[in-house]
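K.L.:
return atomic coordinates for the entry below.
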Amino acid sequence: MESKTRIGIIGVGQIGKAHLGNYAKIPEAEVVAAADINEAELKRVAEVFKIPSTYTNFRELLDRDDIEAVDVCLHNNLHAPVTIEALRKGKNVYCEKPMAGTYIDAKTMFDASQKYGRKLSIQLSTLFAKETKAAKRLIDEGKLGHIYHARSTGFRRRGRPYVDGYGSMNFVQKHISAGGALYDVGVYHIAQMNYLLNLPKVERISGKIYQETDMDEGRRKASGYNVEELGLGLVRFEGGLTLDIIESWAVHLNPFEGSYILGSKGGIRLYPFSFHTTIIP
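P.N.:
A predicted model of the protein is given here:
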């Protein structure tokens with residue numbers, strides 16, 4: 001029988017629990033330890049998922065030589081320091097999105113993975129979606145021709161953490177989360193588009209953020225809500241290619257995802273997936 005990968009998870013909140021549920025479905029994975037500062041919740045989660053060891057100090061988890069990989073499921077501004085420490089301790093790291101709160105933090109994480117010779121992967125499930133695979137195949141086969149524009153977009157009706165009734169207020173405090181809708185959901189679509197467009201070099205970015213949709217004022221004040229609920233931008237790449245971005249937690253429209261790619265010979269809409277072209281006899 002093949003040996004299992006022994007995993008330690010850091011953070012057992014909303015995202016950590018989701019990851020643990022998925023690990024339970026993977027025969028090759030074994031979560032052997034968990035760390036969280038909330039000891040009561042940590043013990044409860046460990047009992048549910050049958051995790052044998054728990055720590056309120058994540059460094060004690062990292063000191064274990066029998067743990068091969070660490071899953072970082074913390075708030076965004078904690079991703080960099082904890083990931084870098086785990087890499088320094090010789091662990092491979094799987095980190096929840098977004099990679100970090102700033103570019104320099106993300107770059108430092110990458111540099112640490114190179115320095116210590118360990119793997120670093122960021123949870124960006126859209127890169128592995130069937131829609132992404134189908135789009136990539138069509139692009140690689142030249143079915144779109146010259147690609148000149150793309151859109152990265154997704155709207156929620158009322159999906160702001162805490163103020164709309166789910167999640168903790170940590171999601172809407174910039175010193176903890178680094179940002180709002182762009183960091184939380186926009187990163188999925190933006191990463192997907194960058195991958196499909198083959199990581200073109202950026203020339204210029206312009207944008208605007210908003211916090212306009214009505215909400216309960218008591219929850220706004222209690223949460224210290226100071227992140228964007230809608231972010232938009234225009235990215236210009238070398239060679240003339242453009243990408244427009246619009247992502248929102250809350251708008252007065254039905255929720256939808258409208259990402260697409262336009263080429264001289266064809267176009268792709270990602271959700272629901274469709275390919276459009278003209279067949280000339």
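K.L.:
contact partners of the least confident helix or strand in the chain by mean pLDDT?
P.N.:
Within the chain, no helix or strand scores below strand 256-257, which has a mean of 88 by mean pLDDT, DSSP states H and E. Residues from elsewhere that reach strand 256-257 (CB atoms under 8 Å, 6 or more residues apart in numbering): T153, G154, F155, H189, L270, Y271. Glycine gets a C-beta too; all of them are placed from N, C-alpha and C.
K.L.:
please repeat the previous calculation with a cut-off of 10 Å.
P.N.:
Here strand 256-257 makes contact (CB atoms under 10 Å, 6 or more residues apart in numbering) with 126, 131, 152-157, 185, 188-189, 247, 269-272.
K.L.:
of these, closest to N77?
P.N.:
V185 (17.6 Å; CB to CB).
K.L.:
touching, that closest one and S125? I think so.
P.N.:
No: the pair V185 / S125 is not scored as a contact, 11.8 Å apart, by CB atoms under 10 Å.
K.L.:
now for S274, how many residues are close by?
P.N.:
S274: 12 surrounding residues under other CB atoms under 10 Å.
K.L.:
next one: phi and psi at it?
P.N.:
Main-chain dihedrals, S274, degrees, to the nearest 10: phi -150, psi 150.
K.L.:
what's across from it in the sheet?
P.N.:
R269 (DSSP bridges).
K.L.:
just the strands in the stretch 51-200 of the chain please.
P.N.:
53-55, 69-72, 92-96, 120-123, 147-155 (DSSP state E, counting those that start in this stretch).
K.L.:
the shortest one - contacts with which helices or strands?
P.N.:
Think strand 53-55. Using 3 or more CB pairs under 10 Å, 6 or more residues apart in numbering; DSSP states H and E, the elements in contact with strand 53-55 are strand 5-10, strand 29-35, helix 39-49, helix 58-62.
K.L.:
closest to V163 out of those?
P.N.:
Of all the helices and strands packed on strand 53-55, it is helix 39-49 that lies closest to V163, at 22.4 Å by CB to CB.
K.L.:
how about residues contacting that closest one?
P.N.:
So helix 39-49 is contacted by 9, 11-13, 16-17, 20-21, 23-24, 31, 33-36, 38, 51-56 (CB under 10 Å, 6+ apart).
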